[in-house]
Every structure is written in structure tokens, then in C-alpha cells.
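Colleague: here is my input; please provide its structure:
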Amino acid sequence: MKFLSIGRLACSPKFLSIGRLAHSPNFLSIGRLAHFPNFLSIGRLAHFPNFLSIGRLACFPNFFTSLLVLLALSAWACQTKPPEPLAELQTRCNNGEPTACRELAWLHLQRKSPSSTQTAMTLFEKACQAEDAEACLALCTFPNTDQALDKSVSRLEIACKAQLPEGCFLLARALNAGHGVKKDRIRARALFEQACTAGQREACVELGHALRMGWGGPRELDRAAAIFQRGCDAEALSACRGLAELLIGDHNVELDTAALVLTLEEACDRNDFSACDVLGRMRAQAKGVERDLPAAIELFHKACDGGDPSGCHSLGLSMLMPSKTPLDTDKAISLLDGACTAGIAMACKNLGVLYFEGRVVAQDLERATALYTQACDEDEALGCFNLALMLESQDAEAERRRHLLERACALGVEPACAKLSP
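Modeller: Numbers count the residues shown, from 1 in each chain. So this is what the prediction gives:
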């Protein structure tokens, strides 16, 4: 009966406030208790053994009888009530059920306190050690989790093996960048494809970049353009930037450049500094818009000041123009070096050119070789090609030169392909 379910609630210190739920709408009016303002304060004493001895209650037999019945039912209900959800999940978790540990972790997270968050992480870890894929994924997506890279990768392997798209996407990113695991762009590209097919939108954009750059396989520019266009139409800004990169790279892409420029302008106004950089390069090179070098340099400044390494690379290159002063040149070298250190492979290649040719800086072939190698390791095509040419001029081993030319050719450098021809 529904009435008995109220009895279970009497074990709560607030049970008297639930009395209105009884079948009788006049439950609280028994004994005309509404006339006694102390009634509710008396109810608070229900947890004390001498509650029934309170003299005032003996004057109200109707209330007293009702209260005795309610307390009797409550005592029975308290003995037979089922475990609370947390207690039940804790028991199952203690008995080795990883799903219960994971569900219990989510409940602890809802409390939003440092101690409950730490408890949740411990429970996720316990579930993940039992290869609960969702728990492993949770550990990789919370910022306050132990983020030892090798441990994160092993957790993502479990999540991806269970066909969780987010797990495959994050694993692909680690493999693509070599974070916590040996770089493997062939596998990364396959996992981006897998996660994209499963509906992970960010994975589709990353797949587009892999297809554009030739990471982990041949360059497929038409397919990359189609992926970026779908993403940009769905208001994924990273996909719009991908379209702009294709345009800047002189790839034959049919798109609404006016709409693309508007999207990038709005994003830059919102301080998306990557959008500022790519928009600046479009203006500097007259790609889809009229050339406006002052406006481009202003955009590069904004991007670089906002912490975008590619924006600093672009700004550094703009400072190497013949009209600039030696002070600008010194700053340019510093910007290129910082961008290279931050992982912008093209900055490493461009800095390598300066050291190889002895322009702006003193010639340093050893430094140029190191920079070209760093760029080539990041699949920067001209880094591989330039390194091959350096080794050729130094009469270095033929096998390494050929390998570099093959990489450059696969990444789209036609002169490298020509050198490979008999």
C-alpha cells in the first residue's frame, strides 16, 4: 500500500513533513493540531527515547493513537527498507562489479566537492583496472586525473577496443602527435576514420587534416575538402580553418569564400586566435580576399599575442620582409624559434632555410640539418626535401637520401618525385 511507503520515510528526521502524503487529506488536522504552533517543533524530538512521554501529547488521544500506529509502521519499515542507491552500488562494487564502481563514481561526482571527486577518481580507477571501458575513458577526460601519458594511452586502448568513438579519437590524437606513445600516423589515420564513421565529429576534422597533409597515407585533397565543407556547414570552426588552409595552399577547392571569410572574422572577433592567423594569411596572400598586408600583420599580432604558435610563425615571416629593420629581424628569429619549439613544423623548416643560406643569421649547417630533421619528423614535406638536398651536396649515404625523397614525394613535393625517377 502507498501508506506503508510513507512509514519508511519516518526514519528520516523530517518525517513529519511528509505526513501530508497520507491517504487522508486531513491527516495533519487530527486532534486539531493546527492550533498548536509547537507541534512541528515537538516532531523534531522524534529521535529521542522520551518522545512519547511528552505530557502534552496525552491530552490528544486521537493524535496519540494515530502517532502510535505511524510509529509502529515506521519501525517495521525501517527494518525492511531496501538499501539506499549508494550503499547498494558500494556493495556491488566491493564484490567486484566494475560497472557498479563506475556508476557509484558518477554519483560521487554529482556532489561536486573535492573529497567526493577524489573518491570518484578512485572508483573509476578500480573499474578501469577491471577493464571497464567507460571508466577508463572517464579517467582520460577529467582534468584532475593522474595524466601520466603512458597510463592514459593504455586506458584509451581499452576504451577504443570497446568501440567507444571518443576513446578511439583520443587515442588517435596521441598516436598522431606521439604523446605518451611512439608516433604512428598510419594507425592514427585509421582510428580517426573509425571514430569519424561512428559519428565523432572532431575525429572527422582530424581525418580531414590527415588527408590534407598526407599523414599516415596518401594525400586526398578532394576528400579532405568534402569533410571540411560538411564540418564547416555544421559550424565546426576547425573544419572552416581546414578549408582556408586548402585555399591558401593553392588547392582547387570550390567554396563560398565570402561566407568562409565572414565565419573566420567572427571567430577572430571572439578571440579564436587560430582563426586570426589563418585569416591573416588569406589577406597576405590574396586567397579569397583582396591583398591587405597591414591588416594581415595586425591579425598576426593578435594571434601571436593570444598565444597561437602559428600566428607567431606568420608574424615572424612578415618581419623578414626587406623593408623591415634589423630589430624586426632579430624579433623574427625569436618568433620562428619559439614557433618551432611549440611544434609548428613549417617554422622549423623556414628557420632551417635561414641557417642553411646564412641569411639574417650566420650560416650554421649543423643547425640547419637539425631543423630540417625536426620538420621532416613532423611530416613537413619541404623539410624532408631540403634535408635530402643537403645530404646530396655533402655526398652522404644514398639510402637515407632516397628515403627522404620518397617521403617528400608522398607528401606532395613534385621535384622530389622527379629526382626519384630513373
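
Colleague: where does the nearest residue to L315 once chain neighbours are set aside fall, secondary structure wise?
Modeller: Closest residue to L315 apart from its sequence neighbours, by Cβ to Cβ, 6 or more residues apart in numbering: F300 at 3.9 Å. Every residue, glycine included, has its C-beta placed from N, CA and C. Using DSSP states H and E, F300 maps to helix 293-305.

Colleague: how far away is the residue nearest to L315 from E235?
Modeller: 25 Å (Cβ to Cβ, to the nearest Å).

Colleague: looking at the two, which has the bigger crowd around it?
Modeller: A side-by-side neighbour count of F300 and E235, using other Cβ atoms under 10 Å, places F300 first with 29 against 9.

Colleague: the more buried one: what's it in contact with?
Modeller: Neighbouring residues of F300 by Cβ atoms under 8 Å, 6 or more residues apart in numbering: 276-277, 280, 311, 314-315, 318.

Colleague: how about low-confidence regions in the stretch 51-200 of the chain?
Modeller: 51-84, 143-149 (pLDDT under 70).

Colleague: now do the helices in it.
Modeller: 61-80, 85-94, 98-109, 114-129, 133-141, 149-161, 165-177, 185-197 (DSSP state H, counting those that start in this stretch).

Colleague: okay, angle between the shortest one and helix 114-129 too, please.
Modeller: For helix 133-141 against helix 114-129, the angle by axes from the mean of the first three to the mean of the last three Cα atoms, to 10 degrees is 130 degrees.

Colleague: in helix 133-141, what's buried?
Modeller: 133-140 (16 or more other Cβ atoms under 10 Å).

Colleague: cool, and the fourth one?
Modeller: Buried residues in helix 114-129, defined by neighbour count with 16+ other Cβ under 10 Å: 117, 119-121, 123-128.

Colleague: what sits against the most centrally placed residue in the chain?
Modeller: Closest to where the C-alpha atoms of the chain average out (Cα atoms, centre = their mean) is T141, at 7.0 Å. By Cβ under 8 Å, 6+ apart, the residues touching T141 are 166, 170.

Colleague: how far away is it from L156?
Modeller: Counting by Cβ to Cβ, the gap from T141 to L156 is 10 Å.

Colleague: and the helix or strand harbouring A258, which residues are buried?
Modeller: Here A258, judged by DSSP H and E, is contained in helix 257-269. Neighbour-count burial for helix 257-269, counted by 16+ other Cβ under 10 Å, picks out 257, 260-261, 263-264, 267-268.

Colleague: export those to TSV and append columns for distance to R223.
Modeller: Formatted as TSV, those follow (distance: Cβ to Cβ, whole Å):
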residue	distance to R223
T257	20
L260	19
V261	24
T263	22
L264	22
A267	24
C268	28
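
Colleague: returning to that earlier point: any common contacting residues for T141 and L156?
Modeller: What both T141 and L156 touch, as defined by Cβ under 8 Å, 6+ apart, is the set L170.

Colleague: export the buried residues of helix 114-129 to a markdown table and tack on distance to G216?
Modeller: Conversion of these to a markdown table gives the following (distance: Cβ to Cβ, whole Å):
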| residue | distance to G216 |
| --- | --- |
| T117 | 37 |
| T119 | 40 |
| A120 | 36 |
| M121 | 33 |
| L123 | 36 |
| F124 | 31 |
| E125 | 32 |
| K126 | 35 |
| A127 | 32 |
| C128 | 28 |
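
Colleague: so which of the buried residues of helix 257-269 is the closest to T91?
Modeller: Using Cβ to Cβ, the shortest approach to T91 within these belongs to A267, at 50.6 Å.

Colleague: for that closest one, what are its contacts?
Modeller: Contacts of A267 by Cβ under 8 Å, 6+ apart are 237, 240, 275.

Colleague: out of those, who's nearest R102?
Modeller: Of the contacts of A267, the one sitting nearest to R102 (Cβ to Cβ) turns out to be L237, at 32.9 Å.

Colleague: list the contacts of the one helix or strand M282 maps to.
Modeller: Per DSSP H and E, M282 falls inside helix 273-285. Residues from elsewhere that reach helix 273-285 (Cβ under 8 Å, 6+ apart): 237, 240-241, 244-245, 247-248, 261, 264-265, 267-268, 287-293, 295-300, 302-303, 306-308, 310-311, 314, 318.

Colleague: show me just the buried residues among these.
Modeller: Looks like the contacts of helix 273-285 have 237, 240-241, 244-245, 247, 261, 264, 267-268, 287-289, 296-297, 299-300, 302-303, 306, 308, 310-311, 314, 318 buried, using 16+ other Cβ under 10 Å.

Colleague: next, the angle from the helix holding A258 to helix 293-305.
Modeller: Going by the same axes, to 10 degrees, helix 257-269 makes 40 degrees with helix 293-305.

Colleague: okay, angle between helix 257-269 and helix 273-285 too, please.
Modeller: Going by the same axes, to 10 degrees, helix 257-269 makes 130 degrees with helix 273-285.
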